[in-house]
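Q: what follows is a predicted structure for the sequence shown.
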Amino acid sequence: MGTTLVCVWLYSFLFDNDLGLLQRTKLAFFRYVRYVPFLGTMIQKEIDKTLKTITDTLFNVDEPYITSLPDKGLSEPEIMKLIKEKYETLEGANWASGKVSGTVYNGSEELTKLTTQVYGEFAWANPLHPDVFPGVRKMEAEVVSMCCKMFNGGPESCGTMTAGGTESILMACRAYRQMAYARGIKRPEILAPFSVHSAFDKAADYFKMKIVHAPQDDITMKCDVKAMAKMINKNTCMLVGSAPQFPHGTVDPIDEMSKLAVKYNLPLHVDSCLGGFLVPFMEKAGFYVPPFDFRLEGVTSISADSHKYGYSPKGSSVVLYRNRKYRCKQYFINPDWQGGIYASPTIAGSRAGALIAATWAVMVHFGEQGYIEATRKVIETARHIEAGIADVPGIHIVGKPEVSVIAIGSLDFNIFSLAEELRSRGWNLNSLQFPACVHLCVTLVHTKEGIADMFLEDLKICAETLLKAPKSKAEGQAAIYGLAQTIPDRSIVQEVATAFIDACYKTENTNPQQNGIDSK
């Protein structure tokens, strides 16, 4: 009996865990290192120093916070005055200047006017009550149908709208987990490239799945499909590819993944959250894009964000399926609740009908020709910047950019110092790791005359400056990002990231004004 229990415990310890044995050993080692008096104190001192840098540089707000309800409510003019004077004036990166990577994908006055007007018409609408708000129900169904057609879905293709790309990914993972459970798989595994969006790691964490990362080609950054094939096992419940992936803008070999999915009878999810409203129009805009959609037999679902290159307000995305047998698995239904039969298609119960209406309005406003023209502008600008980077000394392109993202690395200096130099000139780029690089996600804002050339000019100046002193000490956020990649104890990075999120909710008042509102 004792031997049996030991064998069961040993099996559980070695194999029945989301983390591998090596990972758990490393975590345990670094955890005990923190208990060593001298080392623990030194590590904590460095952590505190980093945290102070974060709070001082990113969340240093002189204006007082409103920390409790005002005794008497404010009128509309008072509220708008407060917003204009105390909130809109807080200094941040100026996205309207075209110097911010991604973030705001359109931002035109015309589109802002349209979306706010439509939003106001449906401000109180909630698709949880389709009988009360039939117009919103119709709009959501039409948005899904239009997107299915964009991705060459057949008559059985379907889907739902969600609150963003992460939720779209979560829904697909939940659907495939439920299907795996039905087949008797107790610990379903997601098999995805290293470059896949972190939302898949979140899905694995939320839904008690395991994520297994397949390697990628060091040059192109595309998934190594041959290596992926060798990693398929009895617990694999889904394959994942990106079109394109976020870090380097590379499109994974979805056609090869599709063949793999068919061979092993596995679902294949294509994450097109970033470029979902670019890649369907690239061919018609005159650019080559590898096959990636429902025309491939093995592709069973696709996620695409309408709030990126679909140009709708933030908080809208779609998850699409080849047919209804997949979609129904993402639903949550409780037939036995005292409040009645509860059923919802996505994570949220109540949802903002106004966002659905605004997304519908933007898509109908642009139409296919509008999206084709917008795609042409974005891709042409991205290709122009990519070509220009070849003339900048000390840097190189990371991966094989195929859509709107261009990643930049350096073998001569700290690439994060380049980002910091560009920051001093008003640019705000995304910092990446493994390998260390930064990227610019080109949007319609960058297609305005002169912005791309201004970026290339500033990039060259900053690179030449760093080449004069390539070993100079990194400062500010460059130091934080550079350090984060070299720390073997990833729990320290998690601790710093936790503090960053905590700092976003900081409401310490240093101004004597009462409760953040002028007392008169």
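A: Alright, I've got the coordinates. Predicted model only: the values in this text are computed from it and were never measured.
Q: switch to C-alpha atoms for all contacts and neighbour counts from now on
A: Noted.
Q: helix, strand, or coil at residue 312?
A: Secondary structure assignment for residue 312 (DSSP: H, G, I helix; E, B strand; the rest coil): coil.
Q: ok, it - contacts?
A: Residue 312 is in contact with 115, 306, 358, 359, 362, 363, counting by CA atoms under 8 Å, 6 or more residues apart in numbering.
Q: farthest pair within the residues you listed?
A: Using CA to CA, the contacts of residue 312 reach their maximum pairwise distance at 115 and 306, which is 13.2 Å.
Q: of the two, who's got more company?
A: In terms of neighbours (other CA atoms under 10 Å), residue 306 is the more surrounded of residue 115 and residue 306; the figures are 31 against 22.
Q: surely that one is in contact with residue 355?
A: No. In this structure, residue 306 is not within contact of residue 355 by CA atoms under 8 Å, at 10.6 Å.
Q: what touches both of residue 115 and residue 306?
A: Between them, residue 115 and residue 306 share the neighbouring residues 312, 359, with contact defined by CA under 8 Å, 6+ apart.
Q: quick one, strands of the chain?
A: With strands called from DSSP state E, the chain shows them at 158-162, 189-193, 210-214, 236-242, 268-272, 299-304, 317-321, 332-334, 342-344, 396-398, 405-409, 430-432, 437-441.
Q: buried set for the second one?
A: Applying a neighbour-count criterion of 16 or more other CA atoms under 10 Å, one finds 189, 190, 191, 192, 193 buried in strand 189-193.
Q: contacting residues around that strand?
A: Identification of contacts with strand 189-193 by CA under 8 Å, 6+ apart yields 173, 200, 204, 209-216, 223-224, 228, 231-232, 235-241.
Q: just to revisit the earlier point, between the buried residues of strand 189-193, which is nearest residue 288?
A: Closest approach to residue 288 among the buried residues of strand 189-193 (CA to CA): residue 193, at 22.8 Å.
Q: distance check, the closest residue to the closest one other than its chain neighbours against residue 49.
A: The shortest distance from residue 193 to any residue that is not its chain neighbour, by CA to CA, 6 or more residues apart in numbering, is 4.5 Å, and that residue is residue 214. With distances taken as CA to CA, to the nearest Å, residue 214 is found 36 Å from residue 49.
Q: which one of the two is surrounded by more residues?
A: Taking neighbours as other CA under 10 Å, residue 214 and residue 49 compare with residue 214 leading, 22 against 11.
Q: quick one: pLDDT of the more buried one?
A: Predicted confidence (pLDDT) at residue 214: the value is 98.
Q: what sits against it?
A: Shown here is residue 214, whose contacts under the criterion CA under 8 Å, 6+ apart are 191, 192, 193, 194, 223, 224, 227, 228, 231.
Q: how far away is it from residue 115?
A: 41 Å.
Q: try residue 315
A: Using CA to CA, we find residue 315 at a distance of 13 Å from residue 115.
Q: need the overlap of contacts for the two.
A: When contacts are counted by CA under 8 Å, 6+ apart, residue 315 and residue 115 have no shared neighbour.
Q: all helices for the stretch 201-350 of the chain, in order.
A: 225-231, 254-264, 279-282, 324-327 (DSSP state H, counting those that start in this stretch).
Q: oh, I was asking about the stretch 401-520 of the chain
A: Counting by DSSP H, counting those that start in this stretch, the stretch 401-520 of the chain has helices at residues 415-424, 451-468, 476-486, 490-504.
Q: ok, back up a step: need the residues touching each of residue 306 and residue 355.
A: Each of residue 316 lies in contact with both residue 306 and residue 355 under the rule CA under 8 Å, 6+ apart.
Q: ok so, going back, let me have the buried residues of strand 189-193 in JSON lines, extended by pLDDT and distance to residue 182.
A: Putting these into JSON lines (pLDDT from 0 to 100; distance: CA to CA, whole Å) gives the following:
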{"residue": "189", "pLDDT": "98", "distance to residue 182": "14"}
{"residue": "190", "pLDDT": "98", "distance to residue 182": "16"}
{"residue": "191", "pLDDT": "98", "distance to residue 182": "19"}
{"residue": "192", "pLDDT": "98", "distance to residue 182": "22"}
{"residue": "193", "pLDDT": "98", "distance to residue 182": "26"}
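Q: turn these into TSV, including distance to residue 471.
A: Formatted as TSV, these follow (distance: CA to CA, whole Å):
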residue	distance to residue 471
189	43
190	41
191	39
192	36
193	33
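Q: between those, which is nearest residue 349?
A: For those, the residue nearest residue 349 by CA to CA is residue 190; the value is 26.3 Å.
Q: which non-adjacent residue is nearest that closest one?
A: Here the residue nearest residue 190, using CA to CA, 6+ apart, is residue 211, at 4.6 Å.
Q: that neighbour: what's it in contact with?
A: When contacts are counted by CA under 8 Å, 6+ apart, residue 211 is found next to 18, 189, 190, 191, 192, 200, 201, 204.
Q: can you name the two of those residues that are farthest apart?
A: 18 and 192 (15.0 Å).
Q: just to revisit the earlier point, tell me which of the helices of the stretch 201-350 of the chain sits most buried.
A: Mean neighbour counts were taken over these using mean count of other CA atoms under 10 Å, and the top value, a mean of 24, falls to helix 279-282.
Q: other SSEs contacting it?
A: Other elements packing on helix 279-282 under the criterion 3 or more CA pairs under 8 Å, 6 or more residues apart in numbering; DSSP states H and E are helix 353-389.
Q: strand 158-162 and the helix it packs on, what's the angle between them?
A: Following axes from the mean of the first three to the mean of the last three CA atoms, to 10 degrees, one obtains 90 degrees for the angle between helix 353-389 and strand 158-162.
Q: show me which residues of helix 353-389 are buried.
A: Counting neighbours by 16+ other CA under 10 Å, one finds that the buried residues in helix 353-389 are 353-363, 366, 371-372, 374-383, 385-386, 388-389.
Q: next, the angle from it to strand 405-409.
A: Here helix 353-389 runs at 50 degrees with respect to strand 405-409, directions being taken by the same axes, to 10 degrees.
Q: centre of the chain to helix 353-389, how far?
A: Taking CA atoms, centre = their mean, to the nearest Å, the mean C-alpha location of helix 353-389 is offset from the chain mean by 18 Å.
Q: for that helix, packing partners?
A: helix 109-121, helix 134-150, helix 279-282, strand 396-398, strand 405-409, helix 451-468.
Q: could you rerun that using 6 Å?
A: Other elements packing on helix 353-389 under the criterion 3 or more CA pairs under 6 Å, 6 or more residues apart in numbering; DSSP states H and E are helix 109-121.
Q: buried residues, the helix it packs on. List them.
A: For helix 109-121, a neighbour-count test (16+ other CA under 10 Å) marks 111, 115, 118, 119 as buried.
Q: now it: average pLDDT?
A: Confidence for helix 109-121, expressed as mean pLDDT, is 97.
Q: who touches that helix?
A: With contacts defined as CA atoms under 6 Å, 6 or more residues apart in numbering, helix 109-121 is touched by 354, 358.
Q: cutoff 7 Å now
A: 354, 355, 357, 358 (CA atoms under 7 Å, 6 or more residues apart in numbering).
Q: what do you get for stretch 166-183?
A: Under the contact criterion CA under 7 Å, 6+ apart, stretch 166-183 has outside partners 162, 188, 199-200, 203, 207, 237-238, 303, 317-319, 326-327, 329-330, 346.
Q: would you list the buried entries among these?
A: Of all those considered here, the ones buried according to neighbour count by 16+ other CA under 10 Å are 162, 188, 199-200, 203, 237-238, 303, 317-319, 326-327, 329-330, 346.
Q: tell me which two of those residues sit farthest apart.
A: The widest separation within the buried ones among the contacts of stretch 166-183, taken as CA to CA, falls between 188 and 317 and amounts to 25.3 Å.
Q: neighbours around the spatially closest residue to residue 350 that is not a sequence neighbour, how many?
A: Closest residue in space to residue 350, ignoring its immediate chain neighbours: residue 128 at 5.4 Å, by CA to CA, 6+ apart. Here the neighbour count serves as a burial measure; for residue 128 (other CA under 10 Å) it reads 18.
Q: and which of the contacts of helix 109-121 is nearest residue 508?
A: Using CA to CA, residue 355 is the member of these that lies nearest residue 508, at 32.7 Å.
Q: quick one, what contacts the closest one?
A: Neighbouring residues of residue 355 by CA under 7 Å, 6+ apart: 119, 313, 316.
Q: sweet, I'm off.
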